[in-house]
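1. model this:
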Amino acid sequence: MFNRPKIDVIIPAFNEENAIGNVLKDIPSDWVREVIVCNNLSTDATVKVAQSQGATVVDAPIKGYGNACLFGLNYVAQKKEKPDIIVFLDADYSDHPEQLPEVVAPIINDDYDLVIGSRALGNLEKGSMTPQQIFGNWLATNLIRLFYKYHFTDLGPFRAIKYDQLLALDMKDKTYGWTVEMQVKAAKQKMKCIEVPVHYRVRIGFSKVSGTIRGTIGAGQKILWTIFKYL
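-> Here you go, the predicted structure:
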């Protein structure tokens, strides 16, 4: 597909000063053009740590995972030379950034549009996902299979997508529904999608979503609402 794909990485971050440095160190620098940390109203040293590791920090002053991603994409859109591939991963060091080459490989080698890093297919460290997260992923992916005829096993945050195809998805979600919106819209548009196994470990720090009852319920409701919204 590309001789030398231009890969930009977007990392939403909210109060991840203890984890973001590890994430940035483990990203294979020879594979990426720029790493963009989207600072989502952090009150700790997330920005300072990210900048010290050479990342570009973009302020995302409206709370929400999707908002942070959208502010990152707005930054990318202003660049004169657009990327070929956008990679998304989390800032809490639960993903294994060193697997980036494995995640982008199907796009580069086999012209896939969207690659999901599947924790369900990979090595899931004990305690890295709560039972409600595992059930929620199982339910959501089975509903996508039922209604959209696409087989996914996970809504994992570690993913890669062709930039032009990402623009075609016209992403809108501002909170918890970002990942499922991407997969549902890709299915509706009949994009070429695949999953690759990725490792997943216990995150550094406290989860703002699965770590609270309110966050878990809110995320679950938003994911289900998003699946049915685009039918």
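2. so Asn15 makes contact with Val49?
-> No. Counting by CB atoms under 8 Å, Asn15 stays clear of Val49, with 11.2 Å between them. No exception for glycine: its C-beta is placed from N, CA and C like everyone else's.
3. for those two, indicate the residue with more neighbours.
-> Remark: of Asn15 and Val49, Val49 carries more neighbours, 23 against 20, as counted by other CB atoms under 10 Å.
4. would you map the strands across this protein?
-> Listed in chain order, the strands of the chain (DSSP state E) span 7-13, 34-39, 56-59, 85-88, 114-118, 159-162, 193-197.
5. just checking: what are the partner strands of the fifth one?
-> Right, the one you point to is strand 114-118. strand 159-162 (antiparallel), strand 193-197 (parallel) (DSSP bridges).
6. tell me the average confidence for the shortest one?
-> If you average the pLDDT over strand 159-162, you get 98.
7. before we move on, what about the last one?
-> Averaging pLDDT along strand 193-197 yields 98.
8. what does it contact?
-> Residues outside strand 193-197 that contact it (CB atoms under 8 Å, 6 or more residues apart in numbering): 102-103, 105-106, 110, 112-118, 121-123, 150, 152-154, 183, 186-187.
9. now for the residue most central in space within the chain: which residues touch it?
-> Centroid check for the chain by CA atoms, centre = their mean gives Pro157 as the closest residue, at 3.3 Å. Residues counted as contacts of Pro157 (CB under 8 Å, 6+ apart) are 88-90, 95, 117, 179.
10. list the contacts for Val49?
-> For Val49, the contacting residues are 17, 20-21, by CB under 8 Å, 6+ apart.
11. so which of these is the closest to Tyr230?
-> Distance to Tyr230, by CB to CB, is smallest for Ile20 among the contacts of Val49, at 32.4 Å.
12. I figured the closest one hits Ala13, correct?
-> Yes. Using CB under 8 Å, Ile20 is in contact with Ala13, at 5.8 Å.
13. comparing those two, which residue is more hemmed in?
-> Neighbour count, other CB under 10 Å: between Ile20 and Ala13, Ile20 has more, with 31 against 26.
14. local confidence estimate at the more buried one?
-> Residue-level confidence at Ile20 comes out at 98, pLDDT.
15. quick one, what contacts it?
-> Here Ile20 is in contact with 11, 13, 37, 46, 49-50, 53, 91, 93 (criterion: CB under 8 Å, 6+ apart).
16. that one and Glu102, how far apart?
-> Applying CB to CB, to the nearest Å, the value for Ile20 to Glu102 is 22 Å.
17. buried residues, the helix or strand of the chain with the lowest mean pLDDT. List them.
-> Across the helices and strands of the chain, mean confidence by mean pLDDT, DSSP states H and E is lowest for helix 213-229: a mean of 84. Neighbour-count burial for helix 213-229, counted by 16 or more other CB atoms under 10 Å, picks out 216, 219-220, 222-224, 226-227.
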